[in-house]
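Visitor: Sequence plus predicted model, see below.
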Amino acid sequence: DQQVKQNSPSLSVQEGRISILNCDYTNSMFDYFLWYKKYPAEGPTFLISISSIKDKNEDGRFTVFLNKSAKHLSLHIVPSQPGDSAVYFCAASVGGAQKLVFGQGTRLTINP
Amino acid sequence: SQTIHQWPATLVQPVGSPLSLECTVEGTSNPNLYWYRQAAGRGLQLLFYSVGIGQISSEVPQNLSASRPQDRQFILSSKKLLLSDSGFYLCACIQLAGGYNEQFFGPGTRLTVL
């Protein structure tokens, strides 16, 4: 049972435009959500997070939105840059980040 | 800040051979430690986690085992590798300091079983 789903395996966006990556979850007990970025042959790096008491968190070019009623979160990157090309994973946890459940990942390609 | 070391970086092993992957953590004490696997075209699957020395929780039944002989050392092992064990293995840690903490990942080990 896939509790965290990223239904788009890949996304292609033009440089300078907005990239929107989506993530859905099924476990209503999740209360903390994270986005990670991963380059090939490297470990994922933490990007941004949001707790369930918020519906938006912003950090520079990155904004995460949480819609609890829809059990949906999204990551917005604007403006998109070539260095943003990577695989993005969303993750969720219950009661803190001791155990994370990851989605399958979305490969983002930024075209010049 | 934490630094996670993993070795080897890449490994090619025949089916049926043993496996030992090592992870060590610097810059933190008493961390929670995790082993993940990313199979080709798939997401990150949690294999094991440990909240302290000698304490291992297994998330999925499999051909692998884990041990934590020291506070900042986490080892992933197998007695006989299967083809399906191929993948990218990642070690991660968090240091609980109250509230929410994100996991930090090591550079990973690429394992190919032939």
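Guide: Thanks, I have it. Just so you know, these numbers come straight off a predicted model, no measurement behind them.

Visitor: show me the contacts for residue B:26.
Guide: Contact partners of residue B:26, counting by Cβ atoms under 8 Å, 6 or more residues apart in numbering or on different chains, are B:2-5, B:72. All C-beta spots, glycine's among them, are computed from the backbone N, C-alpha and C.

Visitor: which residues does the spatially most central residue of chain B bridge with?
Guide: With distances taken as Cα atoms, centre = their mean, the residue of chain B nearest its centroid is residue B:35 (2.8 Å). With DSSP bridges as the criterion, residue B:35 is bridged to residue B:48, residue B:91.

Visitor: do the same with residue B:19
Guide: Going by DSSP bridges, residue B:19 forms beta bridges with residue B:78.

Visitor: Could you do residue A:90 as well?
Guide: Bridge pairing for residue A:90 - DSSP bridges - gives residue A:35.

Visitor: That one: neighbour count?
Guide: 29 (other Cβ atoms under 10 Å in any protein chain shown).

Visitor: In contact with it, which residues?
Guide: Taking Cβ under 8 Å, 6+ apart, one finds A:4, A:6, A:21, A:23, A:33-36, A:73, A:75, A:102-103 in contact with residue A:90.

Visitor: Including pLDDT and secondary structure, could those residues go into a markdown table?
Guide: Formatted as a markdown table, these follow (pLDDT from 0 to 100; DSSP: H, G, I helix; E, B strand; the rest coil):
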| residue | pLDDT | secondary structure |
| --- | --- | --- |
| A:4 | 93 | strand |
| A:6 | 94 | coil |
| A:21 | 98 | strand |
| A:23 | 97 | strand |
| A:33 | 92 | strand |
| A:34 | 92 | strand |
| A:35 | 95 | strand |
| A:36 | 94 | strand |
| A:73 | 97 | strand |
| A:75 | 98 | strand |
| A:102 | 91 | strand |
| A:103 | 93 | coil |
